[in-house]
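Novice: next comes the sequence, and after it the predicted model I'd like to discuss.
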Amino acid sequence: MLRSTLLAAARSPHCRSAAERTPFLRPIVDRFVAGTDVDSAVRTAGELATDRFVTLDHLGEDTTDRRQVEVTVEAYRTLLSRLAWAGLSGRAEVSVKLSALGQALPVDGEKVALDAARRICAAAAGAGTTVTVDMEDHTTTDSTLSIVRDLRLDFPGTGAVLQAYLRRTEADCADLAGPGSRVRLCKGAYDEPASVAFRDKSEVDRSYVRCLRVLLGGQGHPMIATHDDRLLAIAEDLAARAGRTAGDHEFQMLYGVRPDLQRRIAARGHRMRVYVPYGTEWYPYFMRRLGERPANLAFFARALGSG
Ligand code: FDA
């Protein structure tokens with residue numbers, strides 16, 4: 001109930017403008033977001049890259065303005081050239097949301113998003129790195145997977161994201177477990193109806209394990225995105241049983257979430273990648289982080305109270 005309320009607030013322009021006008025929120029936002037500009041993003045990537053890998057996300061979503069799509073493509077090009085210049089391409093890739101690239105435009109949205117994503121993939125290839133395409137709400141899943149399939153024709157290293165809470169995902173894992181296929185498996189962060197998604201935590205966790213079995217037993221490069229101790233232990237066990245070694249799969253966590261655990265997993269010789277968002281459009285991303293862990297609300301309330 002609380003999670004649904006927070007996720008509804010994530011989509012409310014009214015709540016958004018109230019939050020953006022609240023300076024006391026900044027320290028809590030800073031826990032999850034690595035600053036508003038590319039300098040902060042590259043600096044954070046450099047710090048994390050000493051023991052971890054990174055995927056950087058230029059924040060933004062649900063764009064309905066073609067000019068904004070061009071601004072986003074340019075932001076990624078700048079980011080990628082800055083990463084190359086800083087010698088970080090071997091440790092850092094980028095994550096992209098197709099809704100920031102015009103996927104929801106009423107005319108030719110899918111075509112616009114594919115074209116923009118292709119230009120970002122070309123810039124990433126030029127910089128010596130890769131792109132992973134984030135997954136958004138279930139109404140976009142077919143379109144997003146179809147765009148990823150197209151991108152992979154020219155850029156085979158392009159990563160896809162699958163969400164274990166969707167009932168369809170075990171089958172999508174089987175489709176995407178082929179040689180070289182990079183797939184990030186997460187639980188899923190949107191408020192989805194029971195007709196398409198498991199709503200119960202234990203059902204989502206069981207689905208996550210079924211998906212792990214398919215991906216780790218396949219021939220691709222699974223990217224295990226969770227902070228859940230139980231699922232991490234199961235993933236390590238399944239990876240060992242499947243004869244996986246450190247270079248052929250990886251663990252992923254969000255910037256600001258369980259950093260000690262991130263470091264411990266990296267120190268055990270695993271590949272650990274941190275998802276680092278930056279930019280001014282932090283509001284919906286931040287609200288989804290609140291929705292994942294209601295305890296975060298206590299910090300939020302304290303910050304509001306201190307104002
Ligand atoms: P769960 O929510 O059960 O959390 C397990 C434990 O982790 C908690 O008990 C707590 O200790 C800690 N934790 C988790 N979230 C926290 C938070 N916000 N603050 C503090 N502690 C927290 N989703 C999506 O729909 N599309 C996408 O493209 C992506 N991409 C993505 C990339 C990466 C690298 C990660 C790690 C996650 C995503 N997600 C995502 C988000 C994902 O779907 C999911 O909502 C979160 O990872 C939380 O789920 P957990 O698996 O961590 O389990």
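Specialist: Nice, thanks for sending it over. Keep in mind the model is a prediction, meaning the values are calculated, not measured.
Novice: pLDDT value on A19, please?
Specialist: If you check A19, the pLDDT there is 82.
Novice: host element of it?
Specialist: Assigned by DSSP states H and E, A19 falls within helix 13-20.
Novice: may I see the buried residues of that helix?
Specialist: Neighbour-count burial for helix 13-20, counted by 16 or more other C-beta atoms under 10 Å, picks out 16, 19. From N, CA and C alone the C-beta is placed, and that goes for glycine too.
Novice: where does the prediction get shaky in this structure?
Specialist: 299-307 (pLDDT under 70).
Novice: which residue ranges of it form helices?
Specialist: Under the criterion DSSP state H, the chain carries helices at the ranges 2-10, 13-20, 26-32, 38-48, 66-85, 109-127, 141-154, 169-175, 201-217, 229-241, 259-267, 283-292, 296-306.
Novice: what does the fifth one contact?
Specialist: When you say that, I think you mean helix 66-85. If you take C-beta atoms under 8 Å, 6 or more residues apart in numbering as the criterion, helix 66-85 is touched by 38, 41-42, 45, 56, 58, 60, 63, 89, 92, 94, 96, 100-102, 105, 112-113, 116, 119-120, 123-124, 126-129, 279.
Novice: repeat the analysis, applying 6 Å as the threshold.
Specialist: 38, 42, 58, 60, 63, 89, 92, 100-102, 116, 119-120, 123-124, 127 (C-beta atoms under 6 Å, 6 or more residues apart in numbering).
Novice: from these, which is closest to the ligand?
Specialist: Closest approach to the ligand among the contacts of helix 66-85 (C-beta to the nearest ligand atom): A100, at 12.1 Å.
Novice: name the residues of the stretch 201-307 of the chain found near the ligand, please.
Specialist: Proximity of the stretch 201-307 of the chain to the ligand (C-beta under 6 Å from any ligand atom) is limited to residues 225-228, 252-254, 257-258, 275, 289, 292-293, 296.
Novice: check the stretch 51-200 of the chain too.
Specialist: Residues of the stretch 51-200 of the chain lying close to the ligand by C-beta under 6 Å from any ligand atom are 134-135, 161, 163, 184, 186-190.
Novice: one more time with 5 Å, if that's ok
Specialist: Within the stretch 51-200 of the chain, the residues that sit near the ligand (C-beta under 5 Å from any ligand atom) are 134-135, 161, 186-189.
Novice: among those residues, which pair sits farthest apart?
Specialist: By the measure C-beta to C-beta, D134 and K187 form the most distant pair in those, at 13.8 Å.
Novice: give me the common contacts of these two.
Specialist: By C-beta under 6 Å, 6+ apart, D134 and K187 have no common neighbours.
Novice: hmm, G256 and R31 touching each other?
Specialist: Yes: the pair R31 and G256 qualifies as a contact (C-beta atoms under 6 Å) at a distance of 4.4 Å.
Novice: if you count surrounding residues, which of these two has more?
Specialist: Between R31 and G256, counting by other C-beta atoms under 10 Å, G256 is the more crowded of the two (19 against 14).
Novice: how near is that one to V29?
Specialist: Applying C-beta to C-beta, to the nearest Å, the value for G256 to V29 is 10 Å.
Novice: now swap in V204 and tell me
Specialist: Distance, V204 to V29, using C-beta to C-beta: 27 Å.
Novice: and L162, by the same measure?
Specialist: Per C-beta to C-beta, L162 is found 28 Å from V29.
Novice: in terms of neighbours, single out the busier of those two.
Specialist: A count of neighbours by other C-beta under 10 Å puts L162 above the other of L162 and V29, at 25 against 21.
Novice: residues contacting that one?
Specialist: 169, 172, 183, 185.
Novice: list the beta-bridge partners for it.
Specialist: Bridge pairing for L162 (DSSP bridges) gives the partners L185.
Novice: list the contacts of whatever residue of the stretch 1-150 of the chain ends up closest to the ligand.
Specialist: Relative to the ligand, the nearest point of the stretch 1-150 of the chain is D134 (3.5 Å; C-beta to the nearest ligand atom). By C-beta under 6 Å, 6+ apart, the contact list for D134 reads 95, 97, 161.
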